[in-house]
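Undergrad: fold the following for me, if possible:
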Amino acid sequence: MATIQPKDACDLLDDDHKAVKKMFKAYAELIEPPGSKKKPALEKKRALANTICFELTVHTQLEEEIFYPPVRKAIKDALLMNEAEVEHDGAKALIAQIQGMDPADPMYDAKVTVLGEYVDHHVKEERTEMFPKARASKVDLVKMRDALHARRIELTADTGSLA
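TA: Take a look at the predicted model:
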């Protein structure tokens, strides 16, 4: 009987990507088309956007603290790693804007939507470029998975998040 390989750090991070993607889809379903007579679901939007922002904040912190430093050193692709950090900075700026806004603001939906597009682009690069290079390196991604999981527990204690 074959044993199932334990998930590695890349799989753990990609699980985050998939969970947040579902949240962005759920948010998109709350956006009313222009001219709609339905009352906007502002509190649902705020709650979901806050959850998205929190989860992305935790995720980026995990990547920046634990995943990126050894992967940067191992794969020696400075441009790829620098782009990932710039993408994180852009996402953090949008997160701060969203968190400081009222969901009734006409730009709120646009900012959440663009954040989702940023995340989609970032995820694609990680899946197709960074993760394969990390897996081909000598970085112990199983041990790193455990460190990521432990740090996530610390960061999400008492929040009821994805941990």
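
Undergrad: OK, contacts around the most centrally placed residue in the chain?
TA: Nearest to the mean C-alpha position of the chain, by C-alpha atoms, centre = their mean, lies residue 56 at 4.0 Å. Applying C-beta atoms under 8 Å, 6 or more residues apart in numbering, we find residue 56 in contact with 20, 91, 95, 115, 119. All C-beta spots, glycine's among them, are computed from the backbone N, C-alpha and C.

Undergrad: tell me the secondary structure for the second one?
TA: Meaning residue 91. Classification of residue 91 by DSSP: H, G, I helix; E, B strand; the rest coil places it in helix.

Undergrad: for the contacts of residue 56, give me a markdown table that also has pLDDT.
TA: Formatted as a markdown table, the contacts of residue 56 follow (pLDDT from 0 to 100):
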| residue | pLDDT |
| --- | --- |
| 20 | 97 |
| 91 | 96 |
| 95 | 98 |
| 115 | 97 |
| 119 | 96 |
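
Undergrad: strands along the chain, start to end?
TA: Under the criterion DSSP state E, the chain carries no strands.

Undergrad: so, low pLDDT: which residues of the chain?
TA: 1-6, 35, 159-163 (pLDDT under 70).

Undergrad: hang on, the earlier thing: which of the contacts of residue 56 sit farthest apart?
TA: Using C-beta to C-beta, the pair of the contacts of residue 56 lying farthest apart is 20 and 95, separated by 11.8 Å.

Undergrad: which of the contacts of residue 56 are buried, as a ChimeraX select command?
TA: The following ChimeraX line selects those of the contacts of residue 56 that are buried, judged by 16 or more other C-beta atoms under 10 Å:
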select :20,91,95,115,119
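
Undergrad: the contacts of residue 56 in helices, which ones?
TA: Within the contacts of residue 56, residues falling in helices by DSSP state H are 20, 91, 95, 115, 119.

Undergrad: and of those, the nearest to residue 153?
TA: The nearest one, if we look at the ones in helices among the contacts of residue 56 relative to residue 153 and count by C-beta to C-beta, is residue 20, at 18.2 Å.

Undergrad: ok, the closest one - contacts?
TA: Residue 20 makes contact with 52, 55, 56, 59, 119, according to C-beta under 8 Å, 6+ apart.

Undergrad: ok, now which ones touch the residue nearest to residue 48 when sequence neighbours are not counted?
TA: Sequence neighbours aside, residue 27 is the residue nearest to residue 48 in space, at 5.1 Å (criterion: C-beta to C-beta, 6 or more residues apart in numbering). Listed by C-beta under 8 Å, 6+ apart, the contact set of residue 27 reads 45, 48, 49, 52, 112, 116.

Undergrad: please consider this matter closed, and thank you.
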